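Visitor: Let's see this in three dimensions:
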Amino acid sequence: MTLHIAGLGPGSASLLTVAVRDLLASGLPVLLRTAHHPTVAELDPGRAWASCDDIYQRGLSFEEAYAAVVERVIAFAEAGDGVYAVPGHPLMAEATVAGVLAVAKERDIGVKLYPGVSFADVAATALGVDFERVQLCDALALRIDTQRPALISQVFDRDAAAGLKLDLLDVYPSDHPVTVLRALGGADERVDTVPLAELDRRPWSYLDSVFVPAIAAEDDVRRFDGLRAIVARLHAPGGCPWDREQTHTSLRQHLLEECYETLDAIDAGDSARLTEELGDVLLQVLMHAEVGQREGTLGLADVVEHIGRKLVRRHPHVFGGTTAESAEEVALKWDALKQQEKPRSSILEGIPVALPALAESQSIQGRARRIGFDWPDIEGPLEKLSEEMHEFARAEAGDGDREDEFGDILFVVANIAQRLGIDAEQALRGANAKFRRRFGLVEELARERALDLRDLDLAGLDALWDEAKVRLAGAPGQA
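Guide: Alright, predicted model coming up:
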């Protein structure tokens, strides 16, 4: 048995190939993916064509509809030689043919393909555009490179056009010109260029497609690739002298500062500021990648590949055959996999010494706690804190090193925080911010009353402090 898969062209019988025309007139049974195609009506208006249109009328999802079409075509093929005819070219944006070919191969069904004029062929003619760099995209599963022109199919109704518009607005400006190609190759052919924002404001049919021109790299500001191109241009010959002089060492402080500014934005709950600060952190990653590229030591692809492979490798419960029922189980498996990948002589190895001291202390004690080196309950570190306070008092009296003993106090405090799931660094940052708010109000109260804080005794300062504390206690998140 042989299944002949033929392309009916984009919309007019005049564009049928001679081979397909002869095939349709051969007397073999014909199954159409859809009879709602201009070529079908022109070929034989009185013929009752078998089609899959009833499947599309069931209200199925597109995936379910395509699967049902493939099942019907395979059953049709297993009944004997026949013709399955589809709009356009059978291998151009025709998902059912891909499914049929896969199943036919499994079931040893012979297949012969007959090319047809595709929607891309008539689009190139209508647009007068060289299609060498044009990408063919599916509106239902859009993957697009904005720096190349794109021809998008599957824009079959207004809902599909609305969804496509929203997807495109994620990466293109709203006034970006797009060209709507309607019923190309037929008597109703029409070509209209509109701003992207107006893409869904008129009726659509399954014969329509959309052409989206490319945008310049420096204008491609809503995608990672565009940002990467901008940074690469800054570091290229003829780019920015300052950027081209940077090294990993010279950029180190900038990375640290941007991370802290991002933390400040998170603490402030300011999403607009967080958006800006995350962009600044991302810029630092790209800057280091460009430095590495210039030095020949690393490139952005190396960075991206490394983290991508690590994420897949460290999540076998997602990408592999294992399971994990809780976040705690995931953390344990992560550590085990990490140890397999990077065997270390010490469990403390790998904790950055450049971490802020409180964060480093919590990381150190967290690692030790994983192997059971810790007090069994909260009473242990609380008793230890009291002991360290007494030792500090003795050092303050001259019996010992004050700084060393004070460090022991902070170390125990970090342990208590880590045990309770409190980020000690963040807790202290919060306490600092609270003090800033209260002291700022103290200064404001003093100005209102023409007082100089330096002239007040401790009792006077305490009175202002208590008043500020009471006032801020009534403001959410400001105490």
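Visitor: quick one: low-confidence ranges for this protein?
Guide: For the chain, residues meeting the criterion pLDDT under 70 lie at 474-479.
Visitor: can you rerun that using 50?
Guide: Nowhere does the chain drop to pLDDT under 50.
Visitor: Please enumerate the strands of it.
Guide: Secondary structure of the chain (DSSP state E): strands at 2-7, 30-32, 50-51, 82-86, 110-114, 135-138, 150-153, 177-182, 190-195, 209-212.
Visitor: Report all helices and strands that the first one contacts.
Guide: Taking 3 or more Cβ pairs under 8 Å, 6 or more residues apart in numbering; DSSP states H and E as contact, the helices and strands that strand 2-7 lies on are helix 18-24, helix 62-78, strand 82-86, helix 95-106, strand 110-114. From N, CA and C alone the C-beta is placed, and that goes for glycine too.
Visitor: Can you give the strand pairings for it, parallel or anti for each?
Guide: strand 82-86 (parallel), strand 110-114 (parallel) (DSSP bridges).
Visitor: Could you point out which of these sits nearest Asp22?
Guide: strand 110-114 (9.6 Å; Cβ to Cβ).
Visitor: can you give me the angle that closest one makes with helix 95-106?
Guide: On the basis of axes from the mean of the first three to the mean of the last three Cα atoms, to 10 degrees, strand 110-114 is oriented at 150 degrees to helix 95-106.
Visitor: which of the residues in strand 110-114 are buried?
Guide: Across strand 110-114, burial judged by 16 or more other Cβ atoms under 10 Å covers Val111, Tyr114.
Visitor: Give me the angle between that strand and helix 62-78.
Guide: For strand 110-114 against helix 62-78, the angle by the same axes, to 10 degrees is 110 degrees.
Visitor: re earlier: closest one to Arg419 among the strands of the chain?
Guide: When those are compared (using Cβ to Cβ), the closest one is strand 135-138, at 52.6 Å.
Visitor: Which other helices and strands does the closest one contact?
Guide: Against strand 135-138 (3+ Cβ pairs under 8 Å, 6+ apart) you get strand 150-153.
Visitor: So what are the sheet partners of the strand it packs on and their directions?
Guide: In the sheet containing strand 150-153, its partner strands are strand 135-138 (parallel), strand 209-212 (antiparallel), by DSSP bridges.
Visitor: Any chance you could list what contacts the last one?
Guide: The one in question is strand 209-212. Residues outside strand 209-212 that contact it (Cβ atoms under 8 Å, 6 or more residues apart in numbering) are 119, 123, 127, 129, 139, 144, 149-153, 155, 161, 164, 168, 172, 176, 178-181, 184, 199.
Visitor: Distance to Ala265 for the strands of the chain - can I get that in TSV?
Guide: Listed next are those as TSV, based on distance: least, Cβ to Cβ, whole Å:
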stretch	distance to Ala265
strand 2-7	55
strand 30-32	58
strand 50-51	58
strand 82-86	53
strand 110-114	57
strand 135-138	36
strand 150-153	35
strand 177-182	35
strand 190-195	34
strand 209-212	34
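Visitor: picking up where we left off before, got a markdown table for the strands paired with strand 2-7, with distance to Gly372 too?
Guide: A markdown table is the format used below for the strands paired with strand 2-7 (distance: least, Cβ to Cβ, whole Å):
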| stretch | distance to Gly372 |
| --- | --- |
| strand 82-86 | 66 |
| strand 110-114 | 64 |
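Visitor: so which of the ones you listed gets nearest Asp270?
Guide: Per Cβ to Cβ, nearest to Asp270 of these: strand 82-86, 53.3 Å.
Visitor: mind saving the C-alpha coords of that closest one as PDB?
Guide: C-alpha atoms of strand 82-86 as PDB (Å, rounded to 0.1, in the frame of the first residue of the first chain):
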ATOM      1  CA  GLY A  82      -4.900   6.700  -1.600                       C
ATOM      2  CA  VAL A  83      -4.200  10.400  -1.600                       C
ATOM      3  CA  TYR A  84      -4.000  12.700   1.400                       C
ATOM      4  CA  ALA A  85      -4.100  16.300   0.200                       C
ATOM      5  CA  VAL A  86      -3.200  19.300   2.300                       C
END
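Visitor: Neighbours of the residue nearest to Pro203 when sequence neighbours are not counted, how many?
Guide: Nearest residue to Pro203 in three dimensions, chain neighbours excluded: Arg158, at 6.7 Å (Cβ to Cβ, 6 or more residues apart in numbering). Around Arg158 there are 14 other residues, counting by other Cβ atoms under 10 Å.
Visitor: Arg158 and Arg202, how far apart?
Guide: Distance from Arg158 to Arg202, counting by Cβ to Cβ, to the nearest Å: 8 Å.
Visitor: How about Arg72?
Guide: Distance, Arg72 to Arg202, by Cβ to Cβ: 33 Å.
Visitor: quick one: which of those two has more around it?
Guide: Under the neighbour definition other Cβ under 10 Å, Arg72 and Arg202 were set side by side, and Arg72 has more, 20 against 13.
Visitor: quick one, what contacts the more buried one?
Guide: The contact partners of Arg72, taken as Cβ under 8 Å, 6+ apart, are Leu31, Cys52, Ile55.
Visitor: out of those, who has the most neighbours?
Guide: Counting by other Cβ under 10 Å, top hit in those: Cys52 with 22 neighbours.
Visitor: so what's the nearest residue to Glu261 once chain neighbours are set aside up against?
Guide: Among residues not flanking Glu261 along the chain, Glu277 sits closest, at 5.0 Å (Cβ to Cβ, 6+ apart). By Cβ under 8 Å, 6+ apart, the contact list for Glu277 reads Glu258, Glu261, Thr262, Asp264, Ala265.
Visitor: what's the distance between Glu277 and Glu290?
Guide: Using Cβ to Cβ, we find Glu277 at a distance of 20 Å from Glu290.
Visitor: Over to Val73?
Guide: To Glu290, Val73 is 51 Å away according to Cβ to Cβ.
Visitor: again with Thr179
Guide: Distance of Thr179 to Glu290, given as Cβ to Cβ: 36 Å.
Visitor: neighbour-wise, which of the two wins?
Guide: Counted by other Cβ under 10 Å, Thr179 and Glu290 do not tie: Glu290 has more neighbours, with 23 against 19.
Visitor: ok, now which ones touch the more buried one?
Guide: Glu290 makes contacts with Val231, Ala232, Leu234, His235, Asp243, Leu300, as judged by Cβ under 8 Å, 6+ apart.
Visitor: For the first one, which non-adjacent residue is closest in space?
Guide: Which is Val231. Distances taken as Cβ to Cβ, 6+ apart put Leu286 closest to Val231, at 4.4 Å, once the chain neighbours are dropped.
Visitor: wait, Arg344 sits on Gly350?
Guide: Yes: with contact defined as Cβ atoms under 8 Å, Arg344 reaches Gly350; the gap is 6.5 Å.
Visitor: in stretch 180-191, what's buried?
Guide: By neighbour count with 16+ other Cβ under 10 Å, stretch 180-191 contains the buried residues Val180, Leu181, Arg182, Ala183, Leu184, Gly185, Gly186, Glu189.
Visitor: Of the residues you listed, which is the nearest to Arg21?
Guide: For the buried residues of stretch 180-191, the residue nearest Arg21 by Cβ to Cβ is Gly185; the value is 15.4 Å.
Visitor: Please give me every residue in contact with that closest one.
Guide: Gly185 touches Gly9, Pro10, Gly11, Ser12, Leu15, Val117, Val122, counting by Cβ under 8 Å, 6+ apart.
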